[in-house]
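Engineer: Sequence first, predicted coordinates after that:
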Amino acid sequence: MHNIKTNWALIAHGGAKDIAPDEELANREGLMEAIAAGSTLLEKGAHSIDVVEAVVKILEKNPAYNAGLYGSVTNEDGIIEMDASIMDGETLDIGAVAGIQDIEHPIMVARLLLREKAIFLVGDGAAKFAKEKGFSRILNHSPAKHNSPGCDTVGCVARDKYGALAVATSTGGLEGAKAGRVGDVPLPGCGFYADSKRGGVSASGDGESIARIMLASEFLYFVRDMHPDQAVERALTLLEKAPGEAGLIAIAPDGTIGWGHTSPNFAVGVASEGVKPSAYLKKSEEKL
Ligand code: GLY
């Protein structure tokens, strides 16, 4: 852990997707709530790994977003299967789960895997691990209803006062997807990555396209030489090779924030030391 105190930075997203007019307010307010809570923690000196988990928990709880038990979409069999991942940019520890069911906060299960030898558990193995760690299955829940066509992931990247980066990402996957289908979210270098010396990044969008081009990894390559906004843009152009929609949120090692998307909307909240939280539903709003 770095000892020198420096500026904190925070960015979170609620999915690269279409946002129907009647869902705009909920998307914006949900991001503001999550970013405000994360900002308070970072200002008090919390570590980025705790902050990204806390922010994603708030987003998982909110039915406006496709993550957690209350907002996730269902697969072809009408079942909610969720994926989540978390990464500590100081140690490169990873915790990821896929195909987990009936758990309120998949990100909490991923977090408990963070310091284990295994980095990624799926299906029955993930459920067994969650049970061993004391998580209860919640069986009487109803699937969320979203009016927006296409509905994606939530994620958060944070840099704390000590210069440490962390990332957390969580999703209910794609509506009507094959049972057992896993997208980019639990795949390091695809849906997420954090290294305090290289940058932190969380993706959202069509998981198969994101995985094919290793979107998070490409961002880290570009951000060595340019502003993270530009690095996001460059990485997203690679979707031409694997067509699909996506968005990225990112923080460079010096705390500079970047984000962008190819989807019609991308619900994003940002804050940094001395700068109050803001929420946007598309990148062009930031420049207004
Ligand atoms: N980006 C989420 C998924 O494709 O599962």
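Structural biologist: Alright, I've got the coordinates.
Engineer: Tell me which helix or strand Ile11 sits in.
Structural biologist: Ile11 belongs to strand 9-17 when assigned by DSSP states H and E.
Engineer: ugh, typo on my part, it should be Gly155
Structural biologist: strand 154-159.
Engineer: what does Tyr70 give?
Structural biologist: helix 68-71.
Engineer: helix/strand/coil for Ile86?
Structural biologist: For Ile86, the assignment made with DSSP: H, G, I helix; E, B strand; the rest coil gives strand.
Engineer: cool, Val182 as well?
Structural biologist: Assignment for Val182 (three-state DSSP): coil.
Engineer: quick one on the thing from earlier: export only the CA atoms of the helix or strand following the strand holding Gly155, formatted as PDB.
Structural biologist: Using DSSP H and E, the next helix or strand after strand 154-159 towards the C-terminus is strand 165-171. Output in PDB follows, covering the C-alpha atoms of strand 165-171 (Å, rounded to 0.1, in the frame of the first residue of the first chain):
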ATOM      1  CA  LEU A 165      -7.100   1.300  -7.600                       C
ATOM      2  CA  ALA A 166      -9.900  -1.300  -7.400                       C
ATOM      3  CA  VAL A 167     -12.800  -2.400  -9.700                       C
ATOM      4  CA  ALA A 168     -16.000  -4.300  -9.100                       C
ATOM      5  CA  THR A 169     -18.600  -5.400 -11.700                       C
ATOM      6  CA  SER A 170     -21.900  -7.300 -11.500                       C
ATOM      7  CA  THR A 171     -24.600  -8.400 -13.900                       C
END
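Engineer: Mean confidence (pLDDT) on the helix holding Tyr70, please.
Structural biologist: Averaging pLDDT along helix 68-71 gives 92.
Engineer: helices or strands up against the strand holding Gly155?
Structural biologist: Other elements packing on strand 154-159 under the criterion 3 or more CB pairs under 8 Å, 6 or more residues apart in numbering; DSSP states H and E are strand 9-17, helix 24-43, helix 48-61, strand 165-171, strand 199-205, strand 246-251. C-beta coordinates here come from the backbone N, C-alpha and C atoms, glycine included.
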